[in-house]
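Q: Task: produce atomic coordinates for the following.
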Amino acid sequence: MDTIEKRLQAVKSRIARACAAAGRDPRDLVLVAVSKTFPADAVRAAHAAGQRDFGENHAQDAVAKIDALADLDLVWHFIGPIQSNKTRTIAAHFAWVHSIDRLTIAERLAAQRPGQVPPLQACIQVNVSGEATKSGVAPAEAPALARAVAALPRLQLRGLMAIPEPTDDPALQRRRFESLRDLRDRLAADGLALDTLSMGMSDDLESAIAAGATMVRVGTAIFGARPRVATTTG
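A: Prediction:
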């Protein structure tokens with residue numbers, strides 16, 4: 001039977017092979033299981049199989065799931081576009097946010113992060129492939145945004161995130177990911193303490209790992225085909 005446990009182990013095997021090919025230690029890479037649209041029971045099954053980090057992209061839908069799983073030791077990552085009217089919910093319920101692409105959103109998250117919890121771990125989303133329909137700051141504008149976000153209280157800027165355009169060309173995949181890595185390295189050389197590259201999904205995680213990913217966000221390969229359900233925006 002094709003179970004969440006078996007699919008999760010298959011993904012971990014892919015990660016291990018990709019790390020071996022790149023001369024990297026798989027323990028240096030975090031797998032974020034993208035559980036958006038899947039029920040709490042699916043997350044519970046993945047946790048029972050050893051998974052701890054989970055990604056969601058609709059704030060309102062995620063909160064009910066987070067509350068239902070409060071008995072588990074989970075790390076929640078917000079990975080979708082951020083609407084200004086959802087920043088309070090995201091700031092209160094998530095440990096990580098991967099998709100900051102403008103300063104106003106970062107300022108709201110910083111102001112609304114509860115004081116009794118650790119700072120919100122943050123990545124800036126960069127539109128590395130220049131797609132007009134995709135969220136993310138342009139690469140040329142990323143340094144100024146990164147410096148501004150790094151100066152905010154209650155946020156800890158950790159790195160960069162990207163979702164390149166889908167392609168079957170491994171060379172193009174790798175170039176896109178390498179461009180994000182090179183941008184992170186330039187920002188680090190300028191004094192920003194960045195240790196995170198959130199890049200790579202079910203179809204391209206090998207290319208992302210070869211280019212230096214420290215987090216990969218995998219949904220379909222773990223949970224199966226995503227159910228078609230109506231969700232609120234977030």
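
Q: so the residue nearest to residue 131 when sequence neighbours are not counted, which of the three states?
A: Nearest residue to residue 131, sequence neighbours excluded (Cβ to Cβ, 6 or more residues apart in numbering): residue 165, at 5.7 Å. For glycine as for every other residue, the C-beta is placed from the backbone atoms N, C-alpha and C. Secondary structure, DSSP: H, G, I helix; E, B strand; the rest coil: residue 165 is coil.

Q: For residue 165, give me its contacts.
A: With contacts defined as Cβ atoms under 8 Å, 6 or more residues apart in numbering, residue 165 is in contact with 129, 131, 134, 176.

Q: Out of these, which is nearest to residue 193?
A: residue 176 (24.3 Å; Cβ to Cβ).

Q: burial count for the closest one?
A: 22 (other Cβ atoms under 10 Å).

Q: who touches the helix or strand where it lies?
A: In the assignment (DSSP states H and E), residue 176 maps to helix 170-189. Helix 170-189 has contacts (Cβ under 8 Å, 6+ apart) with 126, 128-129, 139, 142-143, 146, 159-160, 162, 164-165, 167, 194, 197, 199-200, 204, 206-208, 210-213.

Q: and the residue nearest to residue 131, how far is that from residue 90?
A: According to Cβ to Cβ, to the nearest Å, residue 165 and residue 90 sit 26 Å apart.

Q: what's the answer for residue 206, then?
A: In this structure, residue 206 and residue 90 are 30 Å apart, going by Cβ to Cβ.

Q: sorry, back to before: most neighbours among the contacts of residue 165, please name it.
A: residue 176 (22 neighbours).

Q: residues contacting the closest residue to it other than its chain neighbours?
A: Beyond its immediate neighbours in the sequence, the residue positioned closest to residue 176 (Cβ to Cβ, 6+ apart) is residue 164, lying 3.7 Å away. Contacts for residue 164 (Cβ under 8 Å, 6+ apart) come out as 128, 129, 173, 176, 177, 199, 204.

Q: Check residue 164 and give its pLDDT.
A: Looking at residue 164, its pLDDT reads 94.

Q: how close does it get to residue 208?
A: As for residue 164, its distance to residue 208 is 9 Å (criterion: Cβ to Cβ).

Q: again with residue 163
A: For residue 163 relative to residue 208 (Cβ to Cβ), the value is 11 Å.

Q: Angles on the backbone of residue 156, please.
A: phi -120, psi 110 (degrees, to the nearest 10).

Q: Distance check, it against residue 99.
A: 16 Å.

Q: Mind checking which of those two has more residues around it?
A: Comparing residue 156 with residue 99 by other Cβ under 10 Å, the one with more neighbours is residue 99, at 22 against 15.
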